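S.K.: My questions are about this predicted structure, shown below with the sequence.
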Amino acid sequence: MSMQPNFKHQQEIVEEFLKNFKSKRNVRKYVNMLQEVANRERLTVDIELDDFAKYDKNEEVIHDIERNSLRYVAVFSDAIDAVIPSADPNTRVEEDTIDVLADWRVRMQRDLSDPTALQDQKSVIPSQLLRRYEVEFIARSQTEAAKIREIAAKDIGSLIKVRGIVTRITEVRPMMKVATYICDVCGNEIYQVINKKKYTPVSACPSQQCQQNRNKRPVLAQTRGSKFVKFQEIRLQELPHEVPTGHVPRSIAVYAHGECTRHCQCGDGVTLHGIWLPVPATAETNFYGRGNGGGAGSALTTNTYLHCMAIEKEKKGWHESEEADYSDEIAAMSVDAEIYDKLSASIAPEIYGLDDVKKALLLLLVSGVTKTSAEDGMMIRGDINILLMGDPGVAKSQLLKHLSAIAPRCVYTTGKGSSGVGLTAAVQRDPVTHDMVLEGGALVLADCGICCIDEFDKMEESDRTAIHQVMEQQTISIAKAGITTTLNARTSILAAANPAFGRYDLRKTPEININLPAALLSRFDLLFVLVDTPDLDTDLALARHIAYVHQHRRHPQLAFDPFSAALLRAYIGEARTFTPVIPPELAPFIVECYVSMRKQSLDQNGQYDSRKIVGTPRALLSILRLSQALARIRFSNQVAQTDVHEAMRLIKMAKHSTLQAQDIEREFEDELSRIYGDVIAFIPSDRDEVNIAALKTMLTTKGYTDDNIQQCLVRYSSNDVW
């Protein structure tokens with residue numbers, strides 16, 4: 001049986017700790033902190049339990065603090081009141097309302113007090129009214145952050161550390177901590193300390209004079225003389241990777257007070273230090289802890305909440321720390337000439353083929369560089385959006401699932417099971433303040449991550465329009481129920497869809513097959529059309545691959561050992577620290593690539609060809625984003641011409657399945673023949689000669705190598721063509 005702690009003795013230990021504890025640099029950490037509080041330069045006193053554990057070597061107090069934290073907030077507050085120094089005379093401290101009221105209260109009590117009368121406890125000025133600081137406990141570093149579903153009844157009253165995603169926040173409201181009343185008969189001031197969200201106001205004056213005179217006149221509430229603190233409720237939900245398969249994510253209510261408010265937004269990943277407490281039961285609650293209005297009796301069950309002490313915003317996305325240190329492996333991988341192919345092959349190696357699709361998904365994970373104009377704040381997104389449009393059975397959903405397992409922050413949803421507000425944000429009535437509050441949807445929760453949307457074609461058109469703004473501006477504008485705001489949704493969209501008729505029909509145009517609005521298609525940087533075409537060799541290799549996976553429960557042996565998901569995350573996280581730029585000499589080549597891509601969507605007469613997918617001006621930005629992602633993979637801060645070549649190749653291969661037979665022949669035409677065609681087109685019809693330097697410059701701008709240009713000129717010259 002544990003002994004009742006001696007709080008007075010423990011307060012003396014706390015006082016000695018505050019006065020004598022020294023940090024590594026032999027600095028009296030908490031003495032300086034209290035001096036800043038006295039000088040009104042600081043509002044919080046952060047008590048790190050790691051420091052207290054070093055001072056309390058016998059651990060006679062530290063365990064009590066961790067098990068009964070809320071009680072020890074008062075103990076530390078009383079200890080601080082006892083040892084806090086006076087304000088520095090060299091620091092100018094201006095009087096405010098609290099100072100004026102405190103002086104007036106002391107004078108009034110001195111003038112009204114009767115030396116022979118017993119002191120009324122409700123008339124004593126409470127220390128909570130005069131404190132200008134908040135005590136916050138920071139859990140020990142050895143305390144691991146608990147999962148939300150692991151928090152149990154044994155944690156009631158204890159200081160815990162929990163990690164999750166913020167899904168809802170309320171507006172910051174004032175919460176009364178000390179209510180002040182004044183009696184207009186005797187002039188006495190009454191104080192009521194409030195530790196709950198609900199309280200019963202004082203109705204009669206408790207002073208000895210009014211009790212003797214049987215004064216029943218109600219006391220007057222003094223709002224200006226009361227003390228309020230900022231209050232905000234936060235809804236914290238489990239991290240996606242902590243939710244067991246098939247289970248619904250759990251969430252808890254978090255009450256933030258004072259300086260803990262306004263520290264997070266919807267979609268932020270946070271680690272909270274707080275005290276796990278029950279909501280006090282009242283007579284208005286029924287068996288299940290809900291209000292019944294009848295006052296039938298107290299509840300047998302109660303709700304719980306986390307009394308927040310400190311908030312640590314985690315670094316979002318790829319910069320989160322991994323469990324292991326992969327610095328040596330990353331250094332070796334960065335000098336590998338085939339790292340691009342190896343990284344892409346490590347994505348879903350159990351899935352046969354789809355090499356170019358996997359390379360595109362790798363670039364989506366790496367992404368380009370988001371840029372913001374310094375003058376007008378215009379943002380050019382760097383996140384890459386990809387749409388996989390294909391026949392059934394080409395492993396689209398499996399690729400989405402595998403990518404969601406690699407990305408550190410990813411939300412997976414389906415088109416049919418998602419509504420417009422489910423993707424963006426919903427407006428709900430808060431049960432605490434009864435105000436309309438925003439609750440972030442899938443795109444908000446995937447901020448600085450990836451949002452995978454399966455069955456994209458099954459979405460209702462009204463719901464699909466909700467993501468138009470997200471895919472380009474990367475924000476969500478809300479104007480509902482009197483709430484007008486803008487939420488961040490800096491996410492990459494990876495969508496999978498089936499063609500309009502179930503399977504892609506090559507006899508019909510892409511517009512009919514894809515059946516998505518052009519405004520939405522233009523926002524995808526890459527649109528892969530995966531057509532399941534019967535082919536004997538391909539089908540045989542695919543069947544053998546699937547049979548091997550089912551037999552051995554692993555992928556077939558590759559030329560190298562595929563990288564693990566953790567190593568992929570570490571390498572991509574390091575690659576995303578680079579910010580590649582486009583060198584000026586490469587700009588004409590990129591422009592020529594874009595112009596030639598637009599030209600390919602025209603037929604021989606220069607008219608729009610409805611059988612081809614037309615690239616919009618957004619395609620130029622797509623080329624830049626893909627090139628920057630390729631440069632990041634090489635750990636380079638400058639985009640090379642080979643990066644632009646690979647970006648153009650991926651854009652061409654994405655549309656290759658939709659091409660007709662004659663177009664495919666043109667795609668695989670000998671490069672020397674293409675050079676010859678461009679030379680003939682460059683020579684004016686009224687002239688028989690051309691400047692060879694200008695000709696080579698034109699061909700180089702189109703992406704041809706110097707060796708191939710020289711080989712073409714020599715070959716056709718030897719055949720007396722020119």
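M.R.: Cool, got the structure.
S.K.: ok, and what's touching stretch 371-382?
M.R.: Ser367, Gly368, Val369, Thr370, Glu472, Gln473, Gln474, Arg490, Leu621, Arg625, Gln628 (Cβ atoms under 8 Å, 6 or more residues apart in numbering). Backbone N, C-alpha and C define where each C-beta goes, glycine included.
S.K.: let's see it at 7 Å
M.R.: Ser367, Gly368, Val369, Thr370, Glu472, Gln474, Leu621, Arg625 (Cβ atoms under 7 Å, 6 or more residues apart in numbering).
S.K.: pLDDT weak spots in the stretch 301-450 of the chain?
M.R.: 315-324, 374, 377, 417-421, 430-433 (pLDDT under 70).
S.K.: Enumerate the positions of stretch 458-473 that are buried.
M.R.: By neighbour count on 16 or more other Cβ atoms under 10 Å, the buried set for stretch 458-473 is Met459, Asp463, Arg464, Ala466, Ile467, Gln469, Val470, Met471, Glu472.
S.K.: ah, wrong one, I meant stretch 144-159
M.R.: For stretch 144-159, the buried set under the neighbour-count rule, 16+ other Cβ under 10 Å, comprises Ala145, Ile148, Ile151, Asp155, Gly157, Ser158, Leu159.
S.K.: Next: stretch 16-36.
M.R.: Judged by neighbour count (16+ other Cβ under 10 Å), stretch 16-36 contains these buried residues: Phe17, Leu18, Phe21, Lys29, Tyr30, Val31, Met33, Leu34, Gln35.
S.K.: before we move on, back to that, I'd like the buried residues of stretch 458-473 laid out as JSON lines, including distance to Glu136 and secondary structure.
M.R.: Below are the buried residues of stretch 458-473 laid out as JSON lines (distance: Cβ to Cβ, whole Å; DSSP: H, G, I helix; E, B strand; the rest coil):
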{"residue": "Met459", "distance to Glu136": "45", "secondary structure": "coil"}
{"residue": "Asp463", "distance to Glu136": "43", "secondary structure": "helix"}
{"residue": "Arg464", "distance to Glu136": "45", "secondary structure": "helix"}
{"residue": "Ala466", "distance to Glu136": "39", "secondary structure": "helix"}
{"residue": "Ile467", "distance to Glu136": "40", "secondary structure": "helix"}
{"residue": "Gln469", "distance to Glu136": "38", "secondary structure": "helix"}
{"residue": "Val470", "distance to Glu136": "36", "secondary structure": "helix"}
{"residue": "Met471", "distance to Glu136": "41", "secondary structure": "helix"}
{"residue": "Glu472", "distance to Glu136": "41", "secondary structure": "helix"}
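S.K.: so which one among those residues has the lowest pLDDT?
M.R.: On pLDDT alone, Asp463 ranks lowest of the buried residues of stretch 458-473, at 70.
S.K.: now that residue: how far from Gln428?
M.R.: Going from Asp463 to Gln428 by Cβ to Cβ, to the nearest Å gives 18 Å.
S.K.: just Thr538 next, same as before
M.R.: The spacing between Thr538 and Gln428, counted by Cβ to Cβ, is 51 Å.
S.K.: got it, and Asp457?
M.R.: Between Asp457 and Gln428 the distance is 29 Å, computed by Cβ to Cβ.
S.K.: Between the two, which has more neighbouring residues?
M.R.: Residue environment comparison for Asp457 versus Gln428 gives the larger neighbour count to Asp457, 18 against 15, counting by other Cβ atoms under 10 Å.
S.K.: Looking at the buried residues of stretch 458-473, which is nearest Asp356?
M.R.: Met471 (22.0 Å; Cβ to Cβ).
S.K.: Distance-wise, check the closest one relative to Arg214.
M.R.: The gap separating Met471 from Arg214 is 73 Å, by Cβ to Cβ.
S.K.: What of Ile351?
M.R.: As for Ile351, its distance to Arg214 is 87 Å (criterion: Cβ to Cβ).
S.K.: now Pro201
M.R.: 20 Å.
S.K.: Of those two, give the one with the bigger neighbour count.
M.R.: Taking other Cβ under 10 Å, Pro201 and Arg214 do not tie; Pro201 has more neighbours (12 against 7).
S.K.: Thr579: what's it in contact with?
M.R.: In this structure, Thr579 makes contact with Val369, Asn637, judged by Cβ under 7 Å, 6+ apart.
S.K.: Off-centre distance for the one helix or strand Val254 maps to?
M.R.: According to DSSP states H and E, Val254 maps onto strand 251-257. Between the mean C-alpha point of strand 251-257 and the mean C-alpha point of its chain there is a distance of 18 Å (Cα atoms, centre = their mean, to the nearest Å).
S.K.: Just list what it packs against, helices and strands only.
M.R.: Strand 251-257 is packed against strand 227-237, strand 304-313, with contacts defined by 3 or more Cβ pairs under 7 Å, 6 or more residues apart in numbering; DSSP states H and E.
S.K.: what residues does the longest one touch?
M.R.: So that's strand 227-237. Contacting residues not belonging to strand 227-237 are listed as 128-129, 148, 164-170, 172-178, 249, 251-258, 261, 264, 272, 430, 432 [Cβ under 7 Å, 6+ apart].
S.K.: let's see 6 Å
M.R.: The contact list for strand 227-237 (Cβ atoms under 6 Å, 6 or more residues apart in numbering) reads 129, 164-170, 172-178, 249, 251-252, 254-258, 261, 432.
S.K.: Now restrict these to buried residues only.
M.R.: 129, 164-170, 175-178, 249, 251-252, 254-258, 261.
S.K.: residues touching the residue nearest to Ala496 when sequence neighbours are not counted, list them.
M.R.: Taking Cβ to Cβ, 6 or more residues apart in numbering as the measure, Ala496 lies nearest to Lys396, with 3.9 Å between them; neighbours along the chain are not counted. When contacts are counted by Cβ under 6 Å, 6+ apart, Lys396 touches Leu388, Gly390, Ala496.
S.K.: Among these, which one is most surrounded by other residues?
M.R.: Neighbours here mean other Cβ under 10 Å. Within the contacts of Lys396, the largest count is held by Leu388, at 28 neighbours.
S.K.: Ala640: which of the contacts of Lys396 is nearest?
M.R.: Minimum separation from Ala640 among the contacts of Lys396 (Cβ to Cβ) is found for Leu388, which lies at 27.9 Å.
S.K.: any idea whether the closest one is helix, strand or coil?
M.R.: Following DSSP: H, G, I helix; E, B strand; the rest coil, the label given to Leu388 is strand.
S.K.: hang on, Glu36 in a strand?
M.R.: No: the secondary structure assignment for Glu36 gives helix rather than a strand, going by three-state DSSP.
S.K.: Okay, Tyr326 and Thr302: tell me how far apart.
M.R.: On the measure of Cβ to Cβ, Tyr326 and Thr302 end up 46 Å apart.
S.K.: And the helices in the stretch 101-250 of the chain, which stretches?
M.R.: Listed from the start of the chain, the stretch 101-250 of the chain has helices (DSSP state H, counting those that start in this stretch) covering 127-130, 208-212.
S.K.: what's near enough to touch Met333?
M.R.: Contacts here follow Cβ under 6 Å, 6+ apart; on that basis Met333 touches Ile339, Tyr571.
S.K.: buried ones in the host helix or strand of it?
M.R.: When elements are assigned from DSSP H and E, Met333 belongs to helix 327-334. Using 16+ other Cβ under 10 Å as the burial criterion, the residues of helix 327-334 that qualify are Ile330, Met333.
S.K.: again, but for stretch 34-48
M.R.: Buried positions in stretch 34-48, judged by neighbour count with 16+ other Cβ under 10 Å: Leu34, Gln35, Val37, Ala38, Asn39, Arg42, Thr44, Val45, Asp46, Ile47, Glu48.
S.K.: and the residues you listed as a markdown table, adding distance to Leu423 and pLDDT?
M.R.: Conversion of those to a markdown table gives the following (distance: Cβ to Cβ, whole Å; pLDDT from 0 to 100):
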| residue | distance to Leu423 | pLDDT |
| --- | --- | --- |
| Leu34 | 49 | 88 |
| Gln35 | 51 | 88 |
| Val37 | 46 | 86 |
| Ala38 | 51 | 86 |
| Asn39 | 49 | 85 |
| Arg42 | 42 | 87 |
| Thr44 | 38 | 89 |
| Val45 | 43 | 90 |
| Asp46 | 38 | 90 |
| Ile47 | 42 | 90 |
| Glu48 | 41 | 89 |
